[in-house]
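Asker: below is the sequence, then the predicted model.
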Amino acid sequence: MRTIIDVDDNLLEAAQIELGTATKKDTVNEALRYVAERRDRSRAVLDDPFLLGGSDLADPEVMRGARR
């Protein structure tokens, strides 16, 4: 679908540099994709069992000592 919008040229240029895109269309689509997938990326990081010290967090013996 073709849509006409006003785009901040400075933001567009910064986004193109960050995303490595060459055209306005590619930049806008990649930026929209990035935002749309942000929740999934956040969940993947937060669900990583090794993020905060690995499997020790699930070890009751280790956790019992951590609460002292």
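Answerer: Perfect, thanks for sending it.
Asker: residue ranges with poor pLDDT in this protein?
Answerer: Where the chain drops to pLDDT under 70, the residues are 49, 52-57, 67-68.
Asker: rerun at 90
Answerer: Low-confidence segments of the chain, defined by pLDDT under 90, are located at 1-2, 38-68.
Asker: where's Arg39 relative to Gly65, distance?
Answerer: 35 Å (CB to CB, to the nearest Å). Glycine gets a C-beta too; all of them are placed from N, C-alpha and C.
Asker: sorry, wrong one. I was asking about Thr23.
Answerer: Distance of Thr23 to Gly65, computed by CB to CB: 56 Å.
Asker: before we move on, what about Thr3?
Answerer: Taking CB to CB, one finds Thr3 at 58 Å from Gly65.
Asker: looking at these two, which is more packed in?
Answerer: Each of Thr3 and Gly65 has its neighbours counted (other CB atoms under 10 Å); Gly65 has more, 10 against 5.
Asker: can you tell me the element the more buried one falls in?
Answerer: Element membership of Gly65, judged by DSSP states H and E, is helix 60-66.
Asker: return the list of helices and strands in contact with that helix.
Answerer: Using 3 or more CB pairs under 8 Å, 6 or more residues apart in numbering; DSSP states H and E as the contact criterion, helix 60-66 has no neighbours among helices and strands.
Asker: can you give me the helices in this structure?
Answerer: Taking DSSP state H as the test, the helices found in the chain are 9-19, 24-36, 38-46, 60-66.
Asker: so what touches stretch 29-38?
Answerer: Around stretch 29-38, the neighbours that count as contacts under CB atoms under 8 Å, 6 or more residues apart in numbering are 15, 19, 21.
Asker: which one is the last one nearest to, not counting chain neighbours?
Answerer: In space, not counting the residues next to it along the chain, Thr21 is nearest to Thr27; the distance is 4.3 Å by CB to CB, 6 or more residues apart in numbering.
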